[in-house]
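J.: The sequence and its predicted three-dimensional model are supplied below.
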Amino acid sequence: MSSRTAEHMTWHQAHHAVDGVMVNPSDGKAWKLFNSVHPHFSAELRNVRLGLCTAGFNPFGSFAAPYSGWPVIPKVYNLPPRMCMRLEFMFLSTVIPGLSSSGRNIDVFLRPLIDKLT
């Protein structure tokens, strides 16, 4: 990571949230609950917090064909909103193939990614 990017990795702690306005996941209840349950992890502000984004698509462009693909793209939520949605801070980690949505079986496909990250 470059020194210019590293200085932004603590943005989630430094920004001031406005009551009732969620600008970043760090403004939400789940983030605060995670911090209270895992104080050792949250004590280091630069520990990377990832979110997984996925959406299915039909690679053949026909809604009649049952085949679909589900890309899984981790995002770094430590960064400011203007940065975390830029392509250089997202990466394609997995594409889940299938005849329909991954639905109940998505954990099977995500297990290798989780094992790599832990």
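T.: Nice, thanks for sending it over. This structure is a prediction, so every number in the text was calculated from the model and none was measured.
J.: for the residue nearest to the spatial centre of the chain, what are its contacts?
T.: The residue lying closest to the centre of the chain (C-alpha atoms, centre = their mean) is residue 51, at 1.6 Å. With contact taken as C-beta atoms under 8 Å, 6 or more residues apart in numbering, residue 51 is in contact with 25, 74-75, 77. Where you see a C-beta, it was placed from the backbone N, CA and C, and this is true even at glycine.
J.: try 10 Å
T.: Shown in contact with residue 51 (C-beta atoms under 10 Å, 6 or more residues apart in numbering): 25, 73-77, 84.
J.: which one of those residues is nearest residue 93?
T.: Of all the contacts of residue 51, residue 74 has the smallest distance to residue 93: 5.7 Å, by C-beta to C-beta.
J.: Could you verify that that closest one is part of a helix?
T.: No: Residue 74 is assigned strand when assessed by DSSP: H, G, I helix; E, B strand; the rest coil, not a helix.
J.: Relative to residue 94, how far out is it?
T.: Per C-beta to C-beta, to the nearest Å, residue 74 is found 9 Å from residue 94.
J.: and residue 76, how far is that from residue 109?
T.: Distance of residue 76 to residue 109, computed by C-beta to C-beta: 21 Å.
J.: Since that was my last question, I'll sign off now.
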